[in-house]
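Enquirer: sequence first, then the predicted structure:
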Amino acid sequence: MCQSVGILFATESHIVIKVLFVCTGNICRSPTADGVFRTMVSKAGLGSHIEVDSCGLSGYHVGEQADSRSREMAASRGYDLSPIRSRKISPADYSDFDYILAMDDGHLADMQRQSPVQHHQKLSLFLDHHPDRKGQSVPDPYYGGTNGFVSVFDMIEETSKALLAHIREKHGI
């Protein structure tokens with residue numbers, strides 16, 4: 001028996017939760033969160049239960065890889081961002097994903113304006129899943145130095161662990 005619950009598709013033993021990370025151009029913060037979270041999902045053996053993607057609100061970098069500094073930082077910590085290519089958010093994303101996580105409050109406000117009101121409950125700040133950073137934004141490291149990328153990566157790793165625990169508990173996977 002298959003039952004459709006919003007966009008969570010459930011059979012008696014299988015559900016699929018879709019998570020989307022969103023930043024400005026999909027070259028620093030959101031692809032880092034995508035790569036980190038996807039790896040954590042895979043290592044937890046949940047790849048068939050949780051789908052992960054990322055996008056940007058702008059189309060400035062469509063088709064490009066993540067920023068080289070993000071890729072280098074990820075590689076130094078055992079993550080591979082090389083398969084991720086920048087894409088722009090689409091209207092269908094608002095209905096297709098269960099969790100749509102903004103990297104900062106400006107992104108969240110833009111998505112609230114762009115998305116149909118029935119999907120607003122899916123929108124939140126990524127750091128709302130961090131126990132000590134609720135309501136905060138992930139700073140954009142693009143114009144900063146290496147320390148900015150280190151700090152952002154630390155935030156993303158910590159928050160991804162908490163997000164995965166939340167999804168596992170909420171959805172029983």
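Expert: Yep, it's here.

Enquirer: show me what the longest strand along the chain is packed up against.
Expert: In the chain, taking DSSP state E as the definition, the longest strand is strand 15-23. Contact here means 3 or more CB pairs under 8 Å, 6 or more residues apart in numbering; DSSP states H and E; on that basis strand 15-23 packs against strand 8-10, helix 29-43, strand 50-56, strand 99-102, helix 105-114, helix 146-171. Bear in mind the C-beta positions are built from the backbone N, C-alpha and C, glycine included.

Enquirer: change it to 10 Å
Expert: For strand 15-23, the packing partners by 3 or more CB pairs under 10 Å, 6 or more residues apart in numbering; DSSP states H and E come out as strand 8-10, helix 29-43, strand 50-56, helix 91-96, strand 99-102, helix 105-114, helix 146-171.

Enquirer: and that strand, what's buried?
Expert: By neighbour count on 16 or more other CB atoms under 10 Å, the buried set for strand 15-23 is Ile15, Val16, Ile17, Lys18, Val19, Leu20, Phe21, Val22, Cys23.

Enquirer: right, and the fourth one touches Val52 too?
Expert: To tie it back to what came earlier, the one meant is Lys18. Yes. Lys18 lies in contact with Val52 (CB atoms under 10 Å); the separation is 8.0 Å.

Enquirer: shared neighbours, the two?
Expert: Both Lys18 and Val52 are in contact with Phe97, Tyr99, where contact means CB atoms under 10 Å, 6 or more residues apart in numbering.

Enquirer: if we can go back for a sec, of all the helices and strands packed on strand 15-23, which one is nearest Gln65?
Expert: Closest to Gln65 of those is helix 29-43 (CB to CB; 8.2 Å).

Enquirer: what residues sit buried inside that closest one?
Expert: Applying 16+ other CB under 10 Å to helix 29-43 flags 29-41 as buried.

Enquirer: any low-confidence regions in this structure?
Expert: Where the chain drops to pLDDT under 70, the residues are 1-13.
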